[in-house]
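*Asks:* Got a predicted structure here, sequence first:
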Amino acid sequence: MRLDLAGKAVLVTGAASGIGLACARAFLAEGARVGMVDRGTVIPPGGDTIAVRADVTDERELGDAVTAVAREFGGLDVVVGCAGISGPVGTPLAETTAEDFSSVLAVNVTGQFLLVKLARPWLPRGTGAVVLLASDSAFTCAPGMVPYCASKGAVVALTRALAVELDGVRVNCVCPSVTDTPMARADLGEVLAKAEFPVQTADDVAQHVLYLASARSRTVNGQAVLADFGVSARSGFPA
Ligand SMILES: NC(=O)c1ccc[n+]([C@@H]2O[C@H](COP(=O)([O-])OP(=O)(O)OC[C@H]3O[C@@H](n4cnc5c(N)ncnc54)[C@H](O)[C@@H]3O)[C@@H](O)[C@H]2O)c1
């Protein structure tokens, strides 16, 4: 499929690692220019990139980063929100604090809200596209991850709200199941290494992001693309 992303100006948050880094590489491979934003150190993979350090929860810092990338590229065509944290994993509700809850929502939800709010003035009406990373955890939950699951459900609703709010800029989200990244390795350790469940790669996720960023998906808006090998399609009916 021809994606026609060559020369497009793309901003990716969470671009230092995992899915964000895979997205940056995939856009670069298509000939796009990529602004890589992260609170950690970004090692640019080569190509037409600019790396800017910013915390997505800090409106001023993120605003400066968005402006720096947009000025460098003369505007933005695509914005991809990958920055995210998992918060408590395997933690019972009784041991989950309000601070845990609000810190996960601050990055995973407020960070995405701020990103779109700040990038909107640079995105062209008619062709601009935003792709946010949600998760299959918005739909199917594992115990012990209440803040993360709540945050990803909120990203799906945020996607719809932004799609109707933004005139002429499409907003969609991708909801992958477990993906082999530093985040998943830190959370699951040996369980991931010896996984008896399907695990996808960050490159798999990046391909969905590219499609949703491209004009090939111009009729798709406000949607959550659930990429989970069909796991959530299975009924509990014993057959
Ligand atoms: N790995 C999975 O199994 C999986 C599955 C579904 C969805 N996701 C989502 O995909 C996104 C990327 O996750 P990943 O697995 O690549 O994780 P990762 O930890 O490998 O990468 C996340 C990146 O986000 C950055 N980041 C975190 N908080 C930030 C902040 N406040 N400001 C700026 N940057 C910040 C980190 O520095 C890191 O570089 C996340 O939103 C995650 O929830 C991951």
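*Replies:* Thanks, I have it. Residues are numbered from 1 along each chain as shown.
*Asks:* Now the nearest residue to L62 once chain neighbours are set aside: phi and psi?
*Replies:* Excluding the flanking residues, the one nearest L62 by CB to CB, 6 or more residues apart in numbering is A54, at 5.0 Å. (Glycine included, C-beta is placed from N, CA and C.) With angles defined as degrees, to the nearest 10, A54 sits at phi -160, psi 150.
*Asks:* Measure how buried A54 is and give me the count.
*Replies:* By other CB atoms under 10 Å, 21 other residues sit near A54.
*Asks:* now check stretch 179-196, is it near the ligand?
*Replies:* Yes: on the criterion CB under 6 Å from any ligand atom, stretch 179-196 is in touch with the ligand at T179, T181, P182, M183, A184.
*Asks:* And that stretch, end to end?
*Replies:* End-to-end distance for stretch 179-196, by CA to CA, to the nearest Å: 14 Å.
*Asks:* So which bits of it are buried?
*Replies:* Neighbour-count burial for stretch 179-196 flags T179, D180, T181, M183, A184, D187, L188, L192 (criterion: 16 or more other CB atoms under 10 Å).
*Asks:* for the fifth one, what are its contacts?
*Replies:* Taking CB atoms under 8 Å, 6 or more residues apart in numbering as the definition of contact, the neighbours of A184 are V178, L192, V199.
*Asks:* Can you lay out those residues as TSV showing secondary structure and pLDDT?
*Replies:* As requested, the contacts of A184 are arranged in TSV below (DSSP: H, G, I helix; E, B strand; the rest coil; pLDDT from 0 to 100):
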residue	secondary structure	pLDDT
V178	coil	97
L192	helix	91
V199	coil	96
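*Asks:* Look through this structure and tell me its longest strand.
*Replies:* When the chain is scanned for its longest strand (criterion: DSSP state E), the result is strand 169-176.
*Asks:* Tell me the strands beside that strand, with direction?
*Replies:* Using DSSP bridges, strand 169-176 pairs in its sheet with strand 128-133 (parallel), strand 224-227 (parallel).
*Asks:* low-confidence ranges in the chain?
*Replies:* Within the chain, no range satisfies pLDDT under 70.
*Asks:* could you say what helices and strands the longest helix along the chain packs with?
*Replies:* Longest helix in the chain by number of residues (criterion: DSSP state H): helix 146-165. Using 3 or more CB pairs under 8 Å, 6 or more residues apart in numbering; DSSP states H and E, the elements in contact with helix 146-165 are helix 98-105, helix 111-119, strand 128-133, strand 169-176.
*Asks:* Pull out the buried positions in that helix.
*Replies:* By neighbour count with 16+ other CB under 10 Å, helix 146-165 contains the buried residues 146-156, 158-160, 162-163.
*Asks:* quick one: it to helix 98-105, angle?
*Replies:* 40 degrees (axes from the mean of the first three to the mean of the last three CA atoms, to 10 degrees).
*Asks:* hmm, who's touching helix 146-165?
*Replies:* Residues outside helix 146-165 that contact it (CB under 8 Å, 6+ apart): 84, 86-89, 93, 96, 100-101, 103-105, 108-109, 112-113, 116, 130, 132-135, 137-139, 141-142, 170-173, 175, 221-224.
*Asks:* returning to that earlier point: now the helices and strands packed on helix 146-165 in JSON lines, with mean neighbour count and distance to the ligand?
*Replies:* Listed next are these as JSON lines, based on neighbours: other CB atoms under 10 Å; distance: least, CB to the nearest ligand atom, whole Å:
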{"stretch": "helix 98-105", "mean neighbour count": "15", "distance to the ligand": "9"}
{"stretch": "helix 111-119", "mean neighbour count": "22", "distance to the ligand": "6"}
{"stretch": "strand 128-133", "mean neighbour count": "26", "distance to the ligand": "4"}
{"stretch": "strand 169-176", "mean neighbour count": "26", "distance to the ligand": "4"}
